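Student: have a look; sequence and predicted model below, questions after that.
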Amino acid sequence: MLVVAIGAMAAYGVWRVLSAAPEEVSLDAAVAVVQEQESSRKDVENKPAHLDANQDVTSQPFSQDGVWRLDSETGTFSFEQSTGSFVGFRVKEELAKIGAVTAVGRTGQVDGELSIDEGKLQRVSVTADLSSLVTNDSRRDRAARHALNVKENPTATFTLNQPLELPETDGSEVSLQANGQLTVNGISRDVVVELSAQLVENTIVVVGSTEVTFADYDVAVPSASIVVSAEDHGVVEFQLLFVRD
């Protein structure tokens, strides 16, 4: 939901090059963070160590009925390493005398919830604060926020279009396609989101992505001397942790 921001970024010819863009979202990495925090929590509660060693943290069924809210406490957020909930973008550019780079931006200011009933994902609503978008450089930050018109439309949202049947699982990873509506800069478009999810202890871990085109959200890609080319589309990615309400 943030990828359209890259359009304004091309206006700066003095950016720092993204020499080490953050890794793409990974369900395995996100699950590992949750497992580590659950283990630490149990240690603090003085539970016997052998219980942690022998317990399968993904043994509970994935499709548990109820309302789940976005967890804002687990993990941390930074541009370099985000271990909690966040949304962001990835887009490819070709820079003069530098070559191909991947521009990345993210925000950890995310809220939302989902509901599950009788094996179906009935509702999903996620909101991101685009005015808190960060990249590798403050100049990029300002340009991205300006491109997204955050003064008038500070938030982006995603909502599920219709209920989604959840596959049966023993607690391992499940993969889904979700049809929903993405709203950026006050403009709503239908999108298909590729999801991977897993239930870890009492947390539903979800990562995914979808591709969007800048023009669909009324954002043009300006040119600059340093930018040989910038794709007119990019990938929205997200990592979301949900806990039972």
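Tutor: Yep, that arrived.

Student: report the buried residues of the helix ranked longest in the chain.
Tutor: Assignment by DSSP state H gives helix 27-44 as the longest helix of the chain. Using 16 or more other Cβ atoms under 10 Å as the burial criterion, the residues of helix 27-44 that qualify are 27, 30-31, 33-35, 37-39, 42. Backbone N, C-alpha and C define where each C-beta goes, glycine included.

Student: next one: stretch 120-135
Tutor: 121, 123-124, 126-130, 132-135.

Student: got the angle for the longest strand anywhere in the chain vs helix 27-44?
Tutor: The longest strand of the chain (DSSP state E) is strand 187-200. Orientation of strand 187-200 against helix 27-44 (axes from the mean of the first three to the mean of the last three Cα atoms, to 10 degrees) gives an angle of 50 degrees.

Student: quick one: buried residues of strand 187-200?
Tutor: 191, 193, 195-200.

Student: ok, and what's touching that strand?
Tutor: 27, 31, 34-35, 38, 57-58, 60-62, 64, 158, 161, 169, 171-183, 204-210, 212, 216-218 (Cβ atoms under 8 Å, 6 or more residues apart in numbering).

Student: next, the residue most central in space within the chain: secondary structure please.
Tutor: Central residue of the chain (Cα atoms, centre = their mean): Phe238, 1.3 Å from the mean position. Taking DSSP: H, G, I helix; E, B strand; the rest coil as the rule, one finds Phe238 in the strand state.

Student: how near is the nearest residue to it once chain neighbours are set aside to Gly171?
Tutor: Nearest residue to Phe238, sequence neighbours excluded (Cβ to Cβ, 6 or more residues apart in numbering): Val87, at 4.2 Å. Going from Val87 to Gly171 by Cβ to Cβ, to the nearest Å gives 25 Å.

Student: and for Thr155?
Tutor: Counting by Cβ to Cβ - Thr155 and Gly171 are separated by 33 Å.

Student: now swap in Asn185 and tell me
Tutor: Relative to Gly171, and taking Cβ to Cβ, Asn185 is found at 39 Å.

Student: which one's more surrounded, these two?
Tutor: Applying other Cβ atoms under 10 Å to Asn185 and Gly171 shows that Asn185 carries more neighbours, namely 19 against 16.

Student: shouldn't that one be in contact with Tyr217?
Tutor: Yes: Asn185 is in contact with Tyr217 according to Cβ atoms under 8 Å; the separation is 5.0 Å.

Student: in three-state terms, label the nearest residue in space to Thr76 that is not next to it in sequence for me.
Tutor: Leaving aside its chain neighbours, Thr76 sits nearest to Thr83 (5.4 Å; criterion: Cβ to Cβ, 6+ apart). Here Thr83 is recorded as coil under three-state DSSP.

Student: sweet, I'm off.
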